[in-house]
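Participant: curious how this folds, go ahead:
(2 chains, ligands or ions: 3)
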Amino acid sequence: MRGAVGLTAADPYLQVRDLRVRFATEDGVVRAVNGVSFAVERGRTLGIVGESGSGKSVTSLAVLGLHDPKRATITGEILVGGRDIVGRPDEEVRRLRGRDMAMIFQDPLSALHPYYPVGRQIAEAYRVHHPRAGRAEARERTVQMLDRVGIPQPARRARQYPHEFSGGMRQRAMIAMALVNDPDLLIADEPTTALDVTVQAQILDLLEGLQKEFNSAIVLITHDLGVVSQVADDVLVMYGGRAVEHGSVEQVLRRPQHPYTWGLLASVPSLRGDAAADLVPIPGSPPSLIHLPSGCAFHPRCPYADERSRTEVPELRPVAEGHLVACHRPGVAA
Amino acid sequence: MGRFLIKRLLSAMLTLFAVSVLAFLMFFALPRDPVTGMCPKNCNPERLERVRQELGLRDPKIEQYAAYMKGIFVGRDLGSAQGGRCDAPCLGYSYVNSEAVTDTLARVLPVTLSIVIPAAILWLALGVGLGMLSALKRGTWVDRLAIGFSLTGASLQLYFTGAVLLIVFVYQLKLLPNPHYTSIFDDPLDWAKGLVLAWVALAFLFSAIYARLARAQMLETLSEDFVRTARAKGLAKRTVYGRHALRAAVTPLVTIAGLDVGAALGGTVITETTFGIQGLGRTAVYAVRGGDLPMIMATVLIAAVFVVLANVVVDLLYAAIDPRVRLG
Ligand SMILES: Nc1ncnc2c1ncn2[C@@H]1O[C@H](COP(=O)(O)OP(=O)(O)OP(=O)(O)O)[C@@H](O)[C@H]1O
Ligand code: SF4
Ligand SMILES: [Mg+2]
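Facilitator: Ligands and ions are numbered 1, 2, ... in the order given. Down below sits the predicted model:
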């Protein structure tokens, strides 16, 4: 266990506690993340779901320490391998990035540099954390990784540019780049959203296989509950920068207790086994993060809202062992 | 690549042909008789008429044009009054200067090149450097200072900054001689001393514009996904900026720089006038004033050649920088 401080094998590799992220903008303070906590162990996958703007990407960028400290105010704790990175100097967090924790992004075409060959970009990620490694070693490692993620003719492909790759191949290359230093934590922010369905399945399979091999902790961000049910062990449902439901996949997807989760599930026909007939998108639009609704942020859209919902913020409370819900009337929608 | 160059060469020829026809037609549209200006005091109508005939101005315009073109490709005979045989590429004999146009060009072209090329290097280095710095230090006093500089530079006219430079460095401090041109091959130090103020004045004006462009480009690039990827890899800031952001940020500047330099090589009238240096720009202005057809044609064509060349160079540079660009 590399450089981990006071961390026993049983402790989750990533622990986020009461994370808050806000941005000062011209229109006012955007409260993008408002007290989110979760933990991910090695070998486990946490799925984070929620509508657009619910704070999923802001959370993951905070974990990597990628927010501009001049624009984002971050409080709470983010323990990576036992070390809290919140408020640490960028140079310190930088050493962890790409080595202990890595990230893959939604659109691999724009996430790769258009001017450099794919192999060179992967080798660069390797060499920055292996300063003694020579060119040849980095190249060898690159080709090996490209091969591992299922890219045919890896040596030739390494010399090609991102625009010469197909979408799926590009995302495979991104995965190769993220895993080149064998990180303990991998964050995948909508890794399959930009890909077509068959390729999506291949990429998810690949991630699952790699996780078994590398035994890393994975945070998988997605809109797609189908993806979550396929690969995640645990699920965190976010709304308005808060966690509204948290538990195992079994608990959250089979026995959802929060009306918002229920609404999300209702819009995914395949999960409930019936036809698209009752495909019900949640009415209304996501909340303003500058003027967050009082009480439960979901109350303007919630058919079960009562007076208490409008005034009192519901705490995240257990409804079963390991199953947390932030609602005054848990289970009401069921 | 070869196909690209052939294609570009053909289109360049076509462009130059069109430009030459246009310049020719515009000359005859000028409300001015070129011959009256050439003639000393005691000109009588018969003498003027004789001169017109000697110059071929009485021939049909199409024949005049054909003769001009023939001169460029195979040379022509201009008659004893105009220096006799004129070898290809013959651009004619100046009505005003009493010398072959090619001789004038050989004299003034190096002057303009000597002004523009060092100035361009200076303004690009200064402008891009300043723009990058202010993007990276966005919101700090460095940024505000740089913005102030570019606002000032872009709003001051060149003849004003030129005059200030002259007064300070030549007349007051006497650090520099009066601006003049010496060939770099004769005396490199004097070459630089004579032109440095022109370089600085041009660089001040252009670097201001480029600083603003570069700043905007850099800020845009810094918000690109691939920059975020570079940071997510754990690269040091200087690698992220230097290797990943800078190269993408300067690409669009290549086009603008290429066209600016191309245009400037066609003549820097204001700079030449401000500093009293005789380059292509002033030569062109005198040619138009004097109704000096061969000189007008030559300066217009040279300027067009530079613009066309600049376009080709820009395309080649683009292809060299961006692997997605295919020439063809
Ligand atoms: N740098 C920033 N400055 C100001 N506001 C920001 C910034 N980054 C994100 N936000 C805001 O924070 C909110 C949460 O954004 P985030 O990207 O985390 O959403 P998301 O859950 O990832 O959505 P999506 O599914 O669309 O990716 C959004 O309203 C966004 O506008
Ligand atoms: S607290 Fe009230 S408004 Fe919020 S989800 Fe529960 S029932 Fe709906
Ligand atoms: Mg997102």
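
Participant: what residue is smack in the middle of chain A?
Facilitator: Centroid-nearest residue in chain A, with CA atoms, centre = their mean: A:Ile221, separated by 3.5 Å.

Participant: can you list the residues that contact stretch B:304-311?
Facilitator: B:Arg8, B:Ala12, B:Thr15, B:Leu16, B:Val19, B:Gly258, B:Leu259, B:Val261, B:Gly262, B:Ala263, B:Leu265, B:Gly266 (CB atoms under 8 Å, 6 or more residues apart in numbering or on different chains). C-betas here are computed from N, CA, C, even on glycine.

Participant: just the buried residues of it, please?
Facilitator: Buried residues in stretch B:304-311, counted by 16 or more other CB atoms under 10 Å in any protein chain shown: B:Ala304, B:Val305, B:Phe306, B:Val307, B:Val308, B:Leu309, B:Ala310, B:Asn311.

Participant: and it, how far from the chain's centre?
Facilitator: 9 Å (CA atoms, centre = their mean, to the nearest Å).

Participant: what's the burial count for residue 19?
Facilitator: Looking at chain A here, since you left the chain open. Look at A:Leu19: counted by other CB atoms under 10 Å in any protein chain shown, it has 24 neighbours.

Participant: let's do chain B instead
Facilitator: Neighbour tally, B:Val19, other CB under 10 Å: 18.

Participant: also A:Ile203?
Facilitator: 24.

Participant: what score does it have for pLDDT?
Facilitator: With respect to pLDDT, A:Ile203 scores 91.

Participant: how about the closest residue to A:Glu312 other than its chain neighbours, what does it touch?
Facilitator: Spatially, and ignoring its direct neighbours in sequence, A:Glu312 is nearest to A:Gly295 (5.4 Å; CB to CB, 6 or more residues apart in numbering or on different chains). Taking CB under 8 Å, 6+ apart, we find A:Gly295 in contact with A:Arg308, A:Ser309, A:Arg310, A:Thr311, A:Glu312, A:Val313, A:Pro314.

Participant: what helix or strand is the second one on?
Facilitator: Mapping A:Ser309 onto the secondary structure by DSSP states H and E places it in helix A:307-311.

Participant: wait, does that helix contact ligand 2?
Facilitator: Yes. Contact of helix A:307-311 with ligand 2 (CB under 6 Å from any ligand atom) involves A:Ser309.

Participant: ligand 2 contacts on the stretch 151-300 of chain A?
Facilitator: Residues of the stretch 151-300 of chain A found near ligand 2 (CB under 6 Å from any ligand atom) are A:His258, A:Pro259, A:Cys296, A:Phe298, A:His299.

Participant: can you rerun that using 5 Å?
Facilitator: Neighbours of ligand 2 within the stretch 151-300 of chain A, by CB under 5 Å from any ligand atom: A:Pro259, A:Cys296, A:Phe298, A:His299.

Participant: the last one: how many residues sit nearby?
Facilitator: Pointing back at A:His299 there. 21.

Participant: next, find the distance separating it from A:Gly284.
Facilitator: A:His299 is 10 Å from A:Gly284, where distance means CB to CB, to the nearest Å.

Participant: between these two, which contacts overlap?
Facilitator: By CB under 8 Å, 6+ apart, no residue touches both A:His299 and A:Gly284.

Participant: quick one, what contacts the closest residue in space to A:Leu112 that isn't next to it in sequence?
Facilitator: Nearest residue to A:Leu112, sequence neighbours excluded (CB to CB, 6+ apart): A:Pro162, at 4.0 Å. Each residue near A:Pro162 by CB under 8 Å, 6+ apart is listed here: A:Pro108, A:Leu109, A:Leu112, A:His113, A:Pro114, A:Val118, A:Arg170, A:Ala173.

Participant: ok, the fifth one - how many residues close by?
Facilitator: By other CB under 10 Å, 17 other residues sit near A:Pro114.

Participant: thought it was touching B:Asp225?
Facilitator: No. Taking contacts as CB atoms under 8 Å, A:Pro114 lies outside contact range of B:Asp225: 10.6 Å.

Participant: give me the contacts around stretch B:313-328.
Facilitator: A:114-115, A:161, A:163, B:1, B:3-4, B:7-8, B:247, B:251, B:254-255, B:258-259, B:262.

Participant: ok, the contacts of A:Gly295 vs B:Phe275, which is closest?
Facilitator: B:Phe275 has its nearest neighbour among the contacts of A:Gly295 in A:Val313, at 72.2 Å by CB to CB.

Participant: so the closest one, which of the three states?
Facilitator: The three-state label given to A:Val313 by DSSP: H, G, I helix; E, B strand; the rest coil is coil.
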